[in-house]
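**Q** Got a predicted model here, sequence first, then my questions.
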Amino acid sequence: MKAINSLVITPFDVSKQDVYDTIIKALSEVGIDVYRPHELLTGDLIVNTITDAIRKADVIFVDISRQNPNVFYELGIAHALRKPTLLLMSSDANTNLPTDLQGFFYFVYNPKDLSNLSDYVKKSVKKYLHRKGA
């Protein structure tokens with residue numbers, strides 16, 4: 001069976017580290033490899049590293065809570081490549097999404113209790129694996 005690769009796109013921000021860690025832990029608990037481009041940067045252009053990671057990922061989790069321009073840029077690449085993306089938003093975030101994203105489903109998580117986020121990630125990946133016959 002081919003390994004399933006995932007990517008987690010969040011702002012590089014200490015305040016989001018717990019969200020990132022929760023997603024990474026949930027993915028590893030269901031046996032999904034996580035590509036971490038920010039840990040692998042070696043001198044290549046960052047955009048090339050991120051684009052390659054998006055291209056290689058089978059499923060991508062994107063936290064759009066802060067409407068970060070870099071996150072939106074990376075989400076745009078993922079959408080252009082027709083990658084399965086799961087959008088995440090904190091319940092305390094501004095919900096006025098850009099028009100182009102308003103029609104997408106996104107999961108709202110409670111930043112004070114990330115267990116719901118962990119459960120969602122695991123369930124989503126299991127559904128994805130089931131659809132892929134993995």
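**A** Arrived safely, thanks for sending. All values derive from a computational prediction rather than experimental measurement.
**Q** Where does the prediction get shaky in this protein?
**A** 1-2, 37-44, 133-134 (pLDDT under 70).
**Q** Mind listing the residues bridging to the residue positioned nearest the centre of the chain?
**A** Nearest to the mean C-alpha position of the chain, counting by CA atoms, centre = their mean, stands Phe61 at 1.7 Å. On the basis of DSSP bridges, Phe61 is bridged to Val8, Leu86.
**Q** can you pull the contacts of it?
**A** By CB atoms under 8 Å, 6 or more residues apart in numbering, Phe61 lies in contact with Ser6, Leu7, Val8, Ile9, Ile23, Thr85, Leu86, Leu88, Val121. For every residue, glycine as well, the C-beta is placed using N, CA and C.
**Q** now do Ile54
**A** Contacts of Ile54 by CB under 8 Å, 6+ apart are Leu7, Ile60, Glu74, Ile77, Ala78, Leu81, Lys83.
**Q** which secondary structure element contains the third one?
**A** I take that to be Glu74. Remark: Glu74 resides in helix 69-80, with elements defined by DSSP states H and E.
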